[in-house]
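Trainee: I'd like to go over a predicted model; first the sequence, then the structure.
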Amino acid sequence: MRIAVLTSGLLPVPALQGGAVENLIDFYLELNEQMKFHQITVMSVIDKKVPDNKIKNSQNSRYLFFRTDRFAYRVKRKIFGITKKKSFYYHSHIEYYLYKALKILKNEPFDVIVLENRPGYATRVRDMCPSARLILHLHNDLLSVDSKEASSIKSKLTSVITVSDYIKKRVEGVQPSIPVYTCYNGIELSLFGKKHKTNIRSTLNIEVDDFVIVFSGRLIQEKGVKELLQALQYLDDLPWRLLIIGGDFFDENKVITDYMKDLYRIASNYKDRIIFTGFIPYDKIPKYLQCADVCVLPSLWEEPFSLSCIEGMASGLPMIVTSSGGMSEIVNEECAIILNKTSNLPQNIAQAIKYLHTHCDKRMEMSIAAKKRSLQFSKEQYAHHFFTLITK
């Protein structure tokens, strides 16, 4: 089949700037190259770091790049935003991306068009391509009874693929009724499962006997990082160190939000016991995770799905998570302590950390269970299942 993939319009594919959605697109493109299932055209914003051989040597995937790095693009996008934004679904960056993508769809026939996490594309893509199978691959809670124009958007789609049963149920609450499938995300398990020679503890001045807590993810309120920092006051004399991996928006380490300033203010009370790494390239994250003793992901929102959770499990870390959204579909009680996110969260986080520090045998049992559980979320299983669902 001839398949068109419309990306987020913000981050590039290949995913050299990170991004969960963009990495997941890379995974199914990689499998498609190996298996030669389909002819896939990916429409992406440009990244000057993309090596030529990544594009030229691709036999089953074609990349069409929109040159957002040029001055002319910035001028056109600004004009486009001023004149069009009031009647459209997204802001000017995304709207201009869609404008460029529609010009391609108008002139080329595709059997299937995949909208990656952009339900707002559906109406105009359907108008342009009335006979194509239009599939929304939904990574966030963006199509529910609470969403703008949800019924109208859903009526334009052939089917929806969601990343968790939690999101699936949210979509199913919208009329009309169309097929909705769950396809759990996956990661490159081998990257997180192998032992690395580089001693990150030494590099970060972490002592061998320190009990290292790690958080990995975006530093935004919904992820519960502040609550994790507040938990530290209840850890008494435990020899903890906290490693916080991530920034506000993927590889953008220059942006310091008010929320991040608040985190830094709290962290200043603990001197050098808290380490903020900023953005870490994806292939380097396993080294940091493997220097930890426990991973804490105290999400405050209804987490659609958590790749950071799988990465922690694949690294053999006991997990401390909240019962939120699709998170409980990833872990089980053998590998995770699951907390209620609505009451006394900082105290409960501290209690869970102290329990795992004290009970070494339990920590080891959970580590083994975490690795075993992570095997259900390989990138190969994810990609195979994805291709099965888009051909239904």
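Mentor: Yes, it's here. Numbering: from 1, shown residues only.

Trainee: Share the number of residues neighbouring the closest residue to Leu98 other than its chain neighbours, please.
Mentor: What sits nearest to Leu98 in space, not counting adjacent residues and going by C-beta to C-beta, 6 or more residues apart in numbering, is Tyr121, at 5.8 Å. (C-beta placed from N, C-alpha, C; glycine too.) Number of residues near Tyr121 (other C-beta atoms under 10 Å) recorded here: 26.

Trainee: quick one: Tyr121 from Val114, how far?
Mentor: 10 Å (C-beta to C-beta, to the nearest Å).

Trainee: How about Ser202?
Mentor: 44 Å.

Trainee: quick one, which of the two is more surrounded?
Mentor: Neighbour count, other C-beta under 10 Å: between Ser202 and Val114, Val114 has more, with 22 against 11.

Trainee: Quick check: that one is in a helix.
Mentor: No - using DSSP: H, G, I helix; E, B strand; the rest coil, the assignment for Val114 is strand, not a helix.

Trainee: Give me the pLDDT value at it.
Mentor: What the model reports as pLDDT for Val114 is 98.

Trainee: again with Asn253
Mentor: 55.

Trainee: next one: Phe88
Mentor: Reported pLDDT for Phe88: 54.

Trainee: just Thr158 next, same as before
Mentor: 98.

Trainee: likewise the one 4 residues further on?
Mentor: Turning to Thr162, the model gives it a pLDDT of 98.

Trainee: tell me the SS of the nearest residue to it once chain neighbours are set aside?
Mentor: Excluding the flanking residues, the one nearest Thr162 by C-beta to C-beta, 6+ apart is Lys168, at 4.4 Å. At Lys168, secondary structure determined by three-state DSSP is helix.

Trainee: OK, contacts around Lys168?
Mentor: Contacts for Lys168 (C-beta atoms under 8 Å, 6 or more residues apart in numbering) come out as 160, 162, 180-182.

Trainee: Mind doing that once more with 6 Å?
Mentor: Listed by C-beta atoms under 6 Å, 6 or more residues apart in numbering, the contact set of Lys168 reads 162, 180, 182.

Trainee: Now rank those residues by neighbours and give me the top one.
Mentor: Of the contacts of Lys168, with other C-beta under 10 Å as the count, Thr162 tops at 27 neighbours.

Trainee: I'd say it and Cys183 touch.
Mentor: No - applying C-beta atoms under 6 Å, one finds Thr162 not in contact with Cys183, separated by 7.3 Å.

Trainee: Good, we can wrap up now.
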